[in-house]
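Colleague: Give me a model of this one.
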Amino acid sequence: MTTSHHEEKALIPGGNKHLVRRLLRYLRPYRNYALISGLLAFLNAPLMLIAPPLTKAAVDLFIVPDASRPLASYELVLKRGADFLGLGGDPYHGLIFIALIFLSANLLGFAVQYVHSIVMQMIGQYVMFDLRQEIFGHFQRLPIPFHDRNPVGRLMTRLTSDVDALNEMFTTGITSVIRNLIAIVYITLWMLYINWRMTLLTFTMLPLIIALTILCRNGARTATARIRVLIARINAFLQEHISGMLIVQLFNREEREQKRFESINEANRREGVKSSLYYSSFLPVAEVVGVIGIALILWRGGLQVISGVATLGTLIAFIQLARSFYDPVSEISDKYNVLQAAMAAAERVFALLDEPLTNKSTAKPGDFGEARGKIEFRNVWFAYNDEDWVLKDLSFTVEPGERIAFVGHTGAGKTTITSLLLRFYDIQRGQILFDDTDIREYDLTDLRSNFSIVLQDMYIYAGDIASNIRFNNKAISDDQMMEAARSVHADHFIKKLPDGYATQVHERGNGLSVGQKQLLSFARALAFNPRVLILDEATSSIDTETEILIRQAMERLMKGRTSLAVAHRLSTIQSVDKIIVIHKGRVREMGTHQQLLNERGFYWRLYQLQFAQKGELPRLDEALALIS
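Modeller: Take a look at the predicted model:
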């Protein structure tokens, strides 16, 4: 559990324009919803911002009327409407008329805003669904080396926190920006219509706000990206330690691990405070700039009213418009933090989606018909890292229906052989053939459908017993599932469970014994009726009594099926057709159990180490020399 395992580099920004273009691709399937949203936002602005022009009309028509002043076109419409209803001659009733229009417009605006919010939430949920589906699908196709170097917590952050940040951008960030941009355009047109001189005075504050935005942008972007890295690191640390809590408590590491978590958490706190400083500093300064702009309007507009150039209603309406103008500008800046978090999340999500599928299927996989089960390794060289070779010029052949066992000391390369056969990793040199065809010419799904594997580290999923055996494959009937369980004697303990095959098990099979989980893994492998069965030290966690039952089942199940067994317990492989002894990545010996014993070589020594009676064991220095 090293700290480097959790390290994740902050990505170099690829440019917001590129990210936005790529994000917009996810909106294409829902462009009709987006169009409706845009129309609603366009309709909402004049409804919610109707107060300033109505205020001007109320003041200039009914509160401080000036008969000599020419009426604006919209004021003329309002005046005629009031006269038509018989309310124009009385200021009291005229104000009621204006107030009813104001109330009706705002109620309609609230309704439009509600529908607009629902539409945007739908778009956000659809996009989030599609994005998570794509990420999870990509997860499952990524090669095993990628999962080896990336902790689970980090990958979960991509699928949860980062996607949530993008969802917030679609549902509130973009909505707010579009709505406020439309409002700014609408307000600007009204201001120019009412008094273009005061409009230019209002715009004098814009360069200060833009400069402030640019000043805060880089710092906020860097801090936000760093926070995403630290959240992924926290999730990775938590996932590892919660999963391994038994070991932490067993070795009394609680206090030490608490300090390690405190260090990571403290780094996240510092970056959060830094991001908040950028965000918190921006809003008050922007607010001050807006207040200065309104003060200038009050000064210049007041002078215009005194000199008779403008009416009192114009000044009051313009102050309202200026406040309405600065508010959306500030709100856009307020949402800038959301957009920056989304851009940082988008960088990391797309970096994951851009991870190459190095072991993907060939462009034109062939149809090779029903598999026979022949396997051949031909001069295979493989290394996990550079040229630190695990397998060296390895060659052997397994005929259809043949039962093969691989033995050798830990690290000899036995499990690596099965991983290469299933293309979890790709070899650097040589060839691996299945039914005389290079496995790289197969479609990955078709290739792996011919295999079932039982691992030493068995995995049981949350769900019932039946779904764990059939792995949610509906093609496997209840009868086939139960027959697989009976074949490995798993039905003995399943029948004793409260609900039998419908009994719910927790994550990783908590509540079941190690042996019971191993039996379920056997049943799962057999339920798929594979052409090739791989047993990777599958009996290492089973007691002697269970091992006897498993050995009987293995004898029956291996018959007529190509079988590869990786085992440390030599007692489980004595009846196989051929034993291949692997030593330092090469084939050291090959033959049946009795043939290898007769040769009195490497296998004979391993057998002696496991089964010789007291007093007949080889000397310790001889054993160490053998496996060195």
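Colleague: Need the pLDDT of residue 550.
Modeller: Per-residue pLDDT puts residue 550 at 68.
Colleague: same deal with the one 10 residues further on?
Modeller: Predicted confidence (pLDDT) at residue 560: the value is 77.
Colleague: ditto for residue 366
Modeller: What the model reports as pLDDT for residue 366 is 62.
Colleague: do residue 15 as well
Modeller: 53.
Colleague: cool, and the one 3 residues further on?
Modeller: In the prediction, the pLDDT value recorded for residue 18 is 81.
Colleague: and if you look at residue 171?
Modeller: pLDDT for residue 171: 79.
Colleague: For the nearest residue to it once chain neighbours are set aside, identify the helix or strand it belongs to.
Modeller: Nearest residue to residue 171 in three dimensions, chain neighbours excluded: residue 124, at 3.6 Å (CB to CB, 6 or more residues apart in numbering). All C-beta atoms are positioned from the backbone trio N, CA, C, and that covers glycine. Assigned by DSSP states H and E, residue 124 belongs to helix 91-141.
Colleague: Against which helices or strands is that helix packed?
Modeller: On a contact count with 3 or more CB pairs under 8 Å, 6 or more residues apart in numbering; DSSP states H and E, helix 91-141 meets helix 31-48, helix 51-58, helix 73-84, helix 163-168, helix 174-194, helix 312-353.
Colleague: rerun that using 7 Å as the cut-off
Modeller: Helices and strands touching helix 91-141, by 3 or more CB pairs under 7 Å, 6 or more residues apart in numbering; DSSP states H and E, are helix 31-48, helix 51-58, helix 163-168, helix 312-353.
Colleague: Which of these sits closest to residue 504?
Modeller: Closest approach to residue 504 among those is made by helix 163-168 (28.8 Å; CB to CB).
Colleague: List the buried residues in that closest one.
Modeller: Residues 163, 165, 166, 167, 168 are the ones in helix 163-168 that count as buried (16 or more other CB atoms under 10 Å).
Colleague: cool, stretch 173-183 as well?
Modeller: So stretch 173-183, judged by 16+ other CB under 10 Å, has buried residues 173, 174, 175, 176, 177, 178, 179, 180, 182, 183.
Colleague: ok, how many other residues are close to residue 440?
Modeller: 17 (other CB atoms under 10 Å).
Colleague: is it fair to say residue 396 lies in a helix?
Modeller: No. Counting by DSSP: H, G, I helix; E, B strand; the rest coil, residue 396 is not part of a helix but strand.
Colleague: For it, grab the count of nearby residues.
Modeller: Neighbour number of residue 396 under other CB under 10 Å is 17.
Colleague: That one contacts residue 377, doesn't it?
Modeller: Yes. With contact defined as CB atoms under 7 Å, residue 396 counts as touching residue 377 (5.4 Å).
Colleague: contacting residues around the closest residue in space to residue 174 that isn't next to it in sequence?
Modeller: Nearest residue to residue 174, sequence neighbours excluded (CB to CB, 6+ apart): residue 120, at 7.7 Å. By CB atoms under 7 Å, 6 or more residues apart in numbering, the contact list for residue 120 reads 37, 171, 175.
Colleague: pLDDT at the last one, what is it?
Modeller: Read that as residue 175. Looking at residue 175, its pLDDT stands at 75.
Colleague: can you tell me which residues contact it?
Modeller: So residue 175 contacts residue 120 (CB under 7 Å, 6+ apart).
Colleague: Check the first one too.
Modeller: Residue 37 sits next to 116, 119, 120, 123 when contact means CB under 7 Å, 6+ apart.
Colleague: what's the neighbour count on the last one?
Modeller: Meaning residue 123. Neighbour count of residue 123, defined by other CB under 10 Å: 24.
Colleague: I'd say it and residue 31 touch.
Modeller: No. Between residue 123 and residue 31 there is no contact under CB under 7 Å: 9.7 Å.
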